[in-house]
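let's see this in three dimensions:
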Amino acid sequence: MFQNYLKIALRNLLRNRGFSAINILGLSVGMASAVLILLWMYNEISYDRFHRNADNLYAAWNRGTFDGKLQCWNNTPKILAPTLKNEFPEIVNTSRNYSRWYVTRAGDKKISSEAIVTDPAFLQMFDFPLVQGNAATALNNTGSIVVTQKMAKKMFGTEDALGKLISIDRNNFTVSGVMKDLPANTAFTFEYILPWSYLKTTGEDDDSWGNNSVHTYIQVKPGTNPAVLAEKIKDITIRHSNKTEEHEVFIHPIRQWHLYSNFENGKVAGGRIAIVRLFGIIAAFILLIACINFMNLSTARSEKRAKEVGIRKTAGANKGLLVGQFIGESILIATIAGLIALIMVFASLPAFNALIGKTLQVPVTIPSFWIAVLLFILLTGVIAGSYPAFFLSSFKPIEILKGTFKRTNAALSPRKVLVVIQFSFAIVLIISTLIVVQQIRFAQDRDAGYDRGKVVYHWITGDLEKNYRQIKSELISAGIATSVTKTASPLSSISSDTWGIEWKGKNMAEKLDFDRFSEDEDLVKTAGLRLIQGRDMDLAKFPSDSAAMILNETAAKTMGFKDPIGQIVKDNGKAYHVIGVVRDFVIRSPYDRHRPMVIEGAQSYFNVIHMKLNSNKSASDHLKSIEAIFRRYNPDYPFEYHFVDEDYALKFEDTRRVAKLTGLFAGLTVFISCLGLFGLAAYMAENRVKEIGVRKVLGASVTSVVTLLSREFMLLVVISIFIATPVAWYAMNLWLNDFSYRIGMPWWVFAVAGVLAIVVSLLTVSYQAIKAALLDPVKSLRSE
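Residues are numbered from 1 along each chain as shown. Purely as a prediction, here's the structure:
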């Protein structure tokens, strides 16, 4: 029987090649799209879940009230980790992670790369296996370094790295371990590891409970109740700081680090999980739309198989056998489509990886993947074939064999409902894409508050600090730069904030968080900041500017000064005098509101040199000149420059990626929907060919025939627009609420999406309608 059913299924496929091709193509595109999304979702969900201790690993976070809101942050004091381990027996291991960029040297190789400085327990807590060396002892010595395979190849090529020397800041480290390169599904980013004891030799370790500068991780004993432990440790900072620090400590499980990183009112409030769920819904709907095509085309061609059903029922076949036969045919088509979909996935994966900025791979060597593929194909076949199977098996043999079986053309049929569902979802995706793009453009057009053009920065390395005055003088006297300044961080990011700002008249019971920036002098000139009051720092004219401070607009309003100039503002007890106020400028996310900021003078710390390039030559010519100067004064370190405008553009990368993905899958959804519409239109034209011939003989024009054939489909698309519009408005309003700086909901986006859907569907249907309308009525009526 199975062989008989298989023959019938193959004959039906070959007999109706056009409709079979549409079904298979639609299903394969839908399945390939779903598989790509599922690969991405799996990567996101699997972040840091591969560690053997994952059930017992937590990050320590802080929770405190600032600006009238309960806020959370994951930077902690350096003293927290050892204190937790000493005081709580439930905690078996702790590690502190301090991320830094260093320049590493080995022979003539000089490379700037990212490191973490951490405790020896890190390699026991987390599963980052060593291919060489002993994880238990690799970080025990101050002069040890553990490198990844990638870093080892950079520094030593094909030579064995174990035991080799690497120099950092004129300190020699011996490679004590070579680690496998980090997997794509981890939140950690580093190329080598230094022991925490190294910070003690550089004076960077401290016991301050107010210096939140590292990430703290803990491993608890199996079976530990995290809620009970959290209650025990919450006041540890308050106790040890003698209540000078009034925030609580809580723990966040490793399984939630990547997907649940947003907090509201001190509690987890989602994060990337929202994007994962969104694309999970998109994958499900794309697959459903492909299945809907199959359902519609199968039921539309019901008359072609009605006699087969009638004869089988007369011969004794029951409904269950017929349902099984038709679902079996559907699974056969799904299997063919699934194989084509896998080919599509392999072919498109490099481009998809480039789009999402990841290196996803199809896990072909894992048996569970192939089991999942088989289940996926089976599920697709069952979903796609279920409705047609029950529909076809419900035909009454008496009506069929007597010739009284008629197609129904009800005002509301399942087929029409399915078409409306298809296009509703496609229109929702089109609207979503347009709104995401508009939100990106809105933020890009926002006044950044400073001039990003031709501003270059370089991290202060080696002897750059010592020779800064000579370097600055040469850059300006040679006409390479019009101004130069030192700052704590690049203009495109903030590295420090503080709740220790005090001023006359401040309500001391209120905790306010300020961004903290710094400059030596000439920041306003270099960055093109806009002064509202006062002046910039100028150490040559005003040596006291080393203790000066500039406020941004929001900070001046927060402090409530009528005249800020000359006011004394303290940062954790250190006094500064205000000499100027600048307009707010974007240093964090361009989608967020401006925060109060203080810019402190030269008694602060500096990490970056900014240079405003002269416009008398090209940027490339100036960079060559700068490189020559830097190499002369800092020969042991590479010249690595960055453009501020390029850094600023990276702030839009995640949102732009979401827009591209949404647009891609919106396009695929429209393609699959139109593919089904094309097949339905072709079948409709085929069934009404004699009616069209009669109408033409009676004088109907080509236009009237095309209108007749297209009208029903256009009505369904219009209904889809009315359904999709409120759904898209609600969904995108929720998405936009995550942004402080956001667009409204422009009406024209909905109009454009509706017109686009109508035009695309009209073009799809019109081809078949025009083809049928142009057919010679003599040929179509000849058999009559």
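
who touches M31 in this structure?
Counting by Cβ atoms under 8 Å, 6 or more residues apart in numbering, M31 touches L287, A290, A334, A337, G338, A341, F376, I377, T380. C-betas here are computed from N, CA, C, even on glycine.

at 6 Å instead, please
A337, G338, A341 (Cβ atoms under 6 Å, 6 or more residues apart in numbering).

low pLDDT regions in this structure?
1-16, 18, 299-323, 387-413, 603-604, 682-692, 696-699, 702, 772-784 (pLDDT under 70).

ok, now with 50
Scanning the chain for pLDDT under 50 picks out no residues.

just the element for I238, please.
helix 236-240 (DSSP states H and E).

buried ones in that helix?
Neighbour counts over helix 236-240 (16 or more other Cβ atoms under 10 Å) mark I236, T237, I238, H240 as buried.

so which residue is dead centre in this protein?
D654 (4.8 Å; Cα atoms, centre = their mean).

is that residue part of a helix or strand, or is it coil?
The three-state assignment at D654 reads helix, by DSSP: H, G, I helix; E, B strand; the rest coil.

ditto for the one 4 residues further on
Assigned with three-state DSSP, V658 falls in the helix class.

list the contacts of it.
V658 sits next to no residue when contact means Cβ under 6 Å, 6+ apart.

cutoff 8 Å now
Shown in contact with V658 (Cβ under 8 Å, 6+ apart): I275, V436.

could you check how far it is from C72?
24 Å (Cβ to Cβ, to the nearest Å).

what's the answer for E245, then?
15 Å.

quick one, which of those two is more surrounded?
Neighbours were counted for E245 and for C72 using other Cβ atoms under 10 Å; C72 has more, 21 against 18.

for the nearest residue to that one once chain neighbours are set aside, give me phi and psi.
Among residues not flanking C72 along the chain, F263 sits closest, at 3.9 Å (Cβ to Cβ, 6 or more residues apart in numbering). F263 adopts backbone torsions of phi -130, psi 140, taken as degrees, to the nearest 10.

now do I286
Dihedral angles for I286 - degrees, to the nearest 10 - are phi -60, psi -40.

same question, S740
According to degrees, to the nearest 10, S740 has phi -70, psi -40.

now it. Nearest residue, chain neighbours left out?
R593 (4.1 Å).

give me the neighbour count for the residue nearest to C72.
F263 has 20 neighbours, counted by other Cβ under 10 Å.

please name the bridge partners of it.
Taking DSSP bridges, one finds V268 as the beta-bridge partners of F263.

list the contacts of it.
By Cβ under 8 Å, 6+ apart, F263 lies in contact with R63, Q71, C72, A269.

could I get the full set of strands for the stretch 1-150 of the chain?
57-66, 69-73, 76-77, 91-106, 109-118, 130-133, 144-148 (DSSP state E, counting those that start in this stretch).

what packs against the helix or strand hosting S368?
Assigning secondary structure by DSSP H and E places S368 in helix 367-393. With contacts taken as 3 or more Cβ pairs under 8 Å, 6 or more residues apart in numbering; DSSP states H and E, helix 367-393 sits against helix 17-45, helix 273-300, helix 302-314, helix 319-356.

out of those helices, flag the one nearest T725.
Closest approach to T725 among the helices and strands packed on helix 367-393 is made by helix 273-300 (17.0 Å; Cβ to Cβ).

go through the closest one and flag the buried ones.
Neighbour counts over helix 273-300 (16+ other Cβ under 10 Å) mark 273, 275-276, 278-280, 282-283, 285-300 as buried.

check stretch 185-200 too.
185-186, 188, 190-199.

could you dump those residues to TSV with secondary structure?
Formatted as TSV, those follow (three-state DSSP):
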residue	secondary structure
N185	coil
T186	coil
F188	coil
F190	coil
E191	coil
Y192	strand
I193	strand
L194	strand
P195	strand
W196	coil
S197	helix
Y198	helix
L199	helix
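
report the two of the residues you listed separated the most.
N185 and S197 (30.4 Å).

contact partners of stretch 33-53?
Stretch 33-53 is contacted by residues 54, 57, 125-127, 183-188, 219, 254-255, 257-259, 272, 275-276, 279-280, 282-284, 286-287, 341-342, 345, 348-349, 352, 356, 358, 360, 362, 376, 665, 668 when judged by Cβ under 8 Å, 6+ apart.

which parts of it are buried?
33-41, 43-45, 47-48, 51, 53.

count the neighbours of E114 for me.
13.

with A753 instead?
25.

do Q149 as well
By the criterion of other Cβ under 10 Å, Q149 has 16 neighbours.

now R656. Nearest residue, chain neighbours left out?
I440 (5.9 Å).

and that neighbour, what is it in contact with?
Residues in contact with I440, defined by Cβ under 8 Å, 6+ apart, are F652, T655, R656, A659.

cool, and A135?
By Cβ under 8 Å, 6+ apart, A135 lies in contact with L123, Q124, P129, G177.

any of those residues buried? List them.
Here, 16+ other Cβ under 10 Å leaves L123, Q124, G177 buried among the contacts of A135.

looking at those, which is nearest P226?
Nearest to P226 out of the buried ones among the contacts of A135 is Q124 (Cβ to Cβ; 20.2 Å).

so that closest one makes contact with T94?
No - assessed by Cβ atoms under 8 Å, Q124 is found out of contact with T94, at 11.0 Å.

touching, K109 and M155? I think so.
Yes - the pair formed by K109 and M155 meets the contact definition of Cβ under 8 Å, at 5.5 Å.

which residue of the two possesses the greater neighbour count?
M155 (24 against 13).

shouldn't that one be in contact with A161?
Yes - M155 is within contact range of A161, at 6.8 Å (criterion: Cβ under 8 Å).

mutual contacts of those two, please.
Residues touching both M155 and A161 (Cβ under 8 Å, 6+ apart) are V147.

residues touching stretch 568-579, excluding its own?
Defining contact as Cβ under 8 Å, 6+ apart, one finds that stretch 568-579 is touched by 210, 498, 500-504, 516, 534-535, 537, 542, 544-545, 547-551, 559, 561, 564-567, 598, 600-601, 603.

which among those count as buried?
498, 500-503, 516, 534, 537, 545, 547-551, 559, 561, 564, 567, 598, 600-601.

inside strands: which ones of the residues you listed?
Mapping these onto strands (DSSP state E) picks out T498, I501, E502, W503, R516, G534, A548, M549, I550, L551, V598, E600.

the fifth one reaches G500, doesn't it?
Spelled out, it's R516. No - counting by Cβ under 8 Å, R516 does not reach G500; the two are 9.3 Å apart.

switch the contacts of F263 over to JSON lines; also include distance to D451.
As requested, these are exported to JSON lines (distance: Cβ to Cβ, whole Å):
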{"residue": "R63", "distance to D451": "39"}
{"residue": "Q71", "distance to D451": "32"}
{"residue": "C72", "distance to D451": "35"}
{"residue": "A269", "distance to D451": "37"}
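
buried residues in the strand or helix carrying H577, which are they?
If you go by DSSP H and E, H577 is part of strand 574-582. For strand 574-582, the neighbour count (16+ other Cβ under 10 Å) marks Y576, V578, I579, G580, V581, V582 as buried.

for the fifth one, what are its contacts?
Residues touching V581, when contacts are defined by Cβ under 8 Å, 6+ apart, comprise L531, I532, Q533, G534, I550, L551, N552, E553, A556, P564, I565.

going by distance to I431, which of those residues wins?
I431 has its nearest neighbour among the contacts of V581 in E553, at 35.8 Å by Cβ to Cβ.

contacting residues around the host helix or strand of H215?
Element membership of H215, judged by DSSP H and E, is strand 212-220. Identification of contacts with strand 212-220 by Cβ under 8 Å, 6+ apart yields 53, 56-60, 62, 73-78, 80-81, 84-85, 90-99, 121-122, 125-126, 226, 229, 251.
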